[in-house]
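Asker: Make a model of this:
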Amino acid sequence: MSEKKPGRPFGVTLAILLGVMIYTIFPLVNVGYVLLIENHFRQIDQTVIPGQIGAAASGGDFRGGITDVQIVIQVVVALLFLVVAVMTWRGKPPAMRWLFMAAVLGLAIFSVAMTVITQSNTDTSGGSLDALGEVLDTLRLSVTSLLVPLYVVWYLNRGPARAFFRGYYLDPEAQGTPTPEYDNNEPIHT
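Answerer: Predicted coordinates:
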């Protein structure tokens, strides 16, 4: 009897891709966007045009108070998550399943906490629809930040995913399911 090695289930690939989208691609695109805009405004010719007030592109803050150190930390965390995701996609070592789940849960908790802290620091008094829009955006981000980790934890704990990371299927007796006994390729009825 040959031992068949379990293949990677589609759900594992989907969980890893969702994690990479949220915790690697979106943060890196955000950092790239901010840095490209800053670079664009740094290269604008700052000569004074007669009849105009001084340099119009000076003094802008596109980061929202984020320092260079925070941007570097965001890039490093995104790239480290990408390394964890690639190793999880390979399935080796088997502990990557646990590390990937821990990374997704940790980043989700941090993301929700930062969203709540940011929302609590904004002034929503005034009775405008803008305040309601901000609350709904925060709710949408929090729900997304919670659904992906829930899916990752749920799917990576399912049997096919565990078999993929383990590298072999469990025999039916080890799973607690009885195997039918066969005699000349026909089931024995008792």
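Asker: Over stretch 158-171, what's the mean pLDDT, rounded is fine.
Answerer: Along stretch 158-171, the predicted confidence averages to a pLDDT of 87.
Asker: Contacts only, for residue 20.
Answerer: For residue 20, the set of contacting residues under the criterion of Cβ atoms under 8 Å, 6 or more residues apart in numbering consists of 81, 82, 85. The C-beta positions use only the backbone N, C-alpha and C, and glycine is treated the same way.
Asker: element containing the first one, please.
Answerer: Counting by DSSP states H and E, the element that carries residue 81 is helix 68-90.
Asker: after that helix comes which helix or strand?
Answerer: Next in sequence after helix 68-90, counting helices and strands by DSSP H and E, comes helix 96-121.
Asker: for that next one, packing partners?
Answerer: Contacts defined by 3 or more Cβ pairs under 8 Å, 6 or more residues apart in numbering; DSSP states H and E place helix 96-121 against helix 10-20, helix 68-90, helix 129-156, helix 159-166.
Asker: With residue 114 as the reference, name the closest of those helices.
Answerer: For the helices and strands packed on helix 96-121, proximity to residue 114 was assessed by Cβ to Cβ; helix 129-156 is nearest, at 9.6 Å.
Asker: how about low-confidence regions in this structure?
Answerer: Applying pLDDT under 70 to the chain flags the ranges 1-3, 44-64, 119-137, 172-190.
Asker: Apply 90 and report the result again.
Answerer: 1-7, 30-31, 33-68, 70-71, 91-92, 94, 110-146, 159, 167-190 (pLDDT under 90).
Asker: Return the residues in contact with the closest residue to residue 8 other than its chain neighbours.
Answerer: Nearest residue to residue 8, sequence neighbours excluded (Cβ to Cβ, 6 or more residues apart in numbering): residue 164, at 5.4 Å. Contact criterion Cβ under 8 Å, 6+ apart gives 6, 7, 8, 9, 12, 91 as the residues in contact with residue 164.
Asker: Could you save those residues as JSON lines and add columns showing neighbour count?
Answerer: As requested, the contacts of residue 164 are exported to JSON lines (neighbours: other Cβ atoms under 10 Å):
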{"residue": "6", "neighbour count": "17"}
{"residue": "7", "neighbour count": "11"}
{"residue": "8", "neighbour count": "15"}
{"residue": "9", "neighbour count": "17"}
{"residue": "12", "neighbour count": "23"}
{"residue": "91", "neighbour count": "19"}
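Asker: re the thing from before, pull out the buried residues from the contacts of residue 20.
Answerer: 81, 82, 85 (16 or more other Cβ atoms under 10 Å).
Asker: Isn't the second one up against residue 21?
Answerer: Going back to what we said before, that points to residue 82. No: counting by Cβ atoms under 8 Å, no contact exists between residue 82 and residue 21, whose distance comes to 11.1 Å.
Asker: Could you check how far residue 26 is from residue 14?
Answerer: The span separating residue 26 from residue 14 equals 17 Å under the rule Cβ to Cβ, to the nearest Å.
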